[in-house]
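1. A structural model of the following input is requested.
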Amino acid sequence: MAEVAILQQWCQQLTPVLELESLSQAILQSFVSLAGMDHGFLLVTDPEFPDYFKLEASSGIRMPPVAVRIRPDALAPLLHWNEPIVISQLPPESPEREALRRLENELRGGGDGWERAGVALCFPLMKFEQIVALICIGRVDTTDLIVHPTSVASLAALSTQALAFIENAQTFEKVCISYRQMVESFADAIDSRNPHARGHSRAVAYYAGLTARQMILPEREVEAIELAGFLHDIGRISIPDDLLSKPPPLTEEEMNSIREYPSVGAMMVEHVEALKNVAPLVRYHCESYDGTGTPEGLVGDGIPVGARILNVAHRFCAMIQPRAYRRPLSVVHGAIHRLQEESGRTLDPNVLEAFLRALGYA
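-> Modelled structure (predicted):
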């Protein structure tokens, strides 16, 4: 009855979690805690590199700073099990122990306690005789623990549900990847209208994401900022081709058409339910920190932080790209110098500082 209660509570906690990273972390922490261990890690098949497993989560040991991918042949002896693997029950020179030693050696390059990690239990999560994920848990400096059969049985019961959760999250992740690829393709189509702007939206999304991560914003907010980077120029669809490529000076009527494009773009984006949090960033990415921007003349922190980040990235990318009426500016003595001149006026000084740190210029 206790196992049933634990399973029910676990399902209630994890059902709303769709992101693979968060879900994997929650599953792993549950296994470590319920088994009375102090650390563990979880490998999943990589949707971007199907021939590899990737380290998706760790508990009790810090995740390495770079992505870790493992070839399946390195794990081969572990991939044929369809039940929990208790390391203390394996012969000293078994293929499974050797595979674990190879795996531990690969992971030890991450430092931060990995060199002392010892695996006591492995839970292969299998579907149609194929491993989807591998949960490994243990205690520091110890592998040959005597594990109580009841603990193994309880965790084995959770493994089936864990597999279902991970598969759902992987499906959700694939949908998100496809959705992002669609947005990127749409951004390329927008940029293709101007031969001098090809790749502009991708560049803005890249530099905006780089800056947002430098500012340690939540990953969900970073993703919204990157999507806004791809779509920030969508409103330019409403501007005639001849006006897009016309060199300054422009008439007041022409300038009004240009000033309206962020609002037009935001109205297009906000009709997509999944992009409602992106629309304000598109709308306000041309606002200036001192209140002289468009469309509403917002000032300072009244401008969404994502829009302030986009403003810096957008200006930088526009400066280093050619135009029909000018050559591109150099990065250091041209674009960055111009950005620094605008600090506190059109650009948020704190955002600009984060941008420069991310590029290694501060």
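2. how is the chain divided into domains?
-> 2-168, 180-359 (automatic domain parsing).
3. the most centrally placed residue in the chain and Leu42, how far apart?
-> Most central in the chain under C-alpha atoms, centre = their mean is Glu219, positioned 6.1 Å from the mean C-alpha point. Distance of Glu219 to Leu42, computed by C-beta to C-beta, to the nearest Å: 18 Å. C-betas here are computed from N, CA, C, even on glycine.
4. pick out the shakiest of the domains of the chain, pLDDT-wise.
-> Of all those, domain 2-168 carries the lowest average pLDDT, namely a mean of 77.
5. centre of the chain to it, how far?
-> Averaged C-alpha coordinates place domain 2-168 at 22 Å from its chain's average position (C-alpha atoms, centre = their mean, to the nearest Å).
6. if we can go back for a sec, now the residue nearest to the centre of the chain, what are its backbone angles?
-> phi -60, psi -30 (degrees, to the nearest 10).
7. so how far is Arg213 from it?
-> 8 Å.
8. ditto for Lys54
-> For Lys54 relative to Arg213 (C-beta to C-beta), the value is 19 Å.
9. how about Glu48?
-> Going from Glu48 to Arg213 by C-beta to C-beta gives 19 Å.
10. these two: who's more crowded?
-> Between Glu48 and Arg213, Arg213 has the larger neighbour count (other C-beta atoms under 10 Å), namely 15 against 11.
11. mind telling me what element the residue nearest to the more buried one when sequence neighbours are not counted is part of?
-> Spatial nearest neighbour of Arg213, excluding adjacent residues (C-beta to C-beta, 6 or more residues apart in numbering): Val222 at 5.8 Å. According to DSSP states H and E, Val222 maps onto helix 219-231.
12. need the contact partners of that helix.
-> Residues outside helix 219-231 that contact it (C-beta atoms under 8 Å, 6 or more residues apart in numbering): 180, 183-184, 186-187, 201-202, 204-209, 212-213, 217, 265, 269, 275, 277-278, 281-282, 285, 306-307, 309-310, 313.
13. in helices, which of these fall?
-> Taking DSSP state H as the definition of helices, these contribute 180, 183-184, 186-187, 201-202, 204-209, 212-213, 265, 269, 281-282, 306-307, 309-310, 313.
14. is Leu55 in contact with Met63, as I believe?
-> Yes. Using C-beta atoms under 8 Å, Leu55 is in contact with Met63, at 7.2 Å.
15. could you pull out the helices for the chain?
-> In the chain, the helices defined using DSSP H lie at 2-14, 20-34, 95-107, 149-191, 200-214, 219-231, 241-244, 252-269, 279-284, 305-320, 337-341, 349-359.
16. can you say which of those helices is nearest to Pro328?
-> helix 305-320 (5.2 Å; C-beta to C-beta).
17. CA-only coordinates of the closest one in PDB, if you can.
-> Extracted in PDB, the C-alpha atoms of helix 305-320 (Å, rounded to 0.1, in the frame of the first residue of the first chain):
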ATOM      1  CA  VAL A 305      13.800  43.900 -19.900                       C
ATOM      2  CA  GLY A 306      13.500  41.600 -22.900                       C
ATOM      3  CA  ALA A 307      12.800  44.500 -25.200                       C
ATOM      4  CA  ARG A 308      15.700  46.500 -23.700                       C
ATOM      5  CA  ILE A 309      18.000  43.500 -24.500                       C
ATOM      6  CA  LEU A 310      16.600  43.200 -28.100                       C
ATOM      7  CA  ASN A 311      17.200  47.000 -28.600                       C
ATOM      8  CA  VAL A 312      20.900  46.500 -27.900                       C
ATOM      9  CA  ALA A 313      21.200  43.300 -30.000                       C
ATOM     10  CA  HIS A 314      19.200  44.800 -32.900                       C
ATOM     11  CA  ARG A 315      21.300  48.000 -33.000                       C
ATOM     12  CA  PHE A 316      24.500  46.100 -32.900                       C
ATOM     13  CA  CYS A 317      23.500  43.700 -35.700                       C
ATOM     14  CA  ALA A 318      22.200  46.500 -37.800                       C
ATOM     15  CA  MET A 319      25.600  48.400 -37.500                       C
ATOM     16  CA  ILE A 320      27.800  45.500 -38.400                       C
END
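18. may I see the buried residues of it?
-> Buried residues in helix 305-320, defined by neighbour count with 16 or more other C-beta atoms under 10 Å: 305-319.
19. how far out from the middle of the chain is it?
-> On C-alpha atoms, centre = their mean, the centre of helix 305-320 falls 20 Å from the chain's centre.
20. swap in stretch 167-177?
-> 13 Å.
21. what's the answer for stretch 251-260, then?
-> Here the centre of stretch 251-260 is set off from its chain's centre by 37 Å, with C-alpha atoms, centre = their mean.
22. list the contacts of that stretch.
-> The set of residues external to stretch 251-260 that reach it, using C-beta under 8 Å, 6+ apart, is 235, 238-240, 243, 246, 250, 286, 294-295.
23. ok, which pair from those residues is furthest apart?
-> Comparing every pair within the contacts of stretch 251-260 by C-beta to C-beta identifies Lys246 and Pro295 as the most remote, at 21.0 Å.
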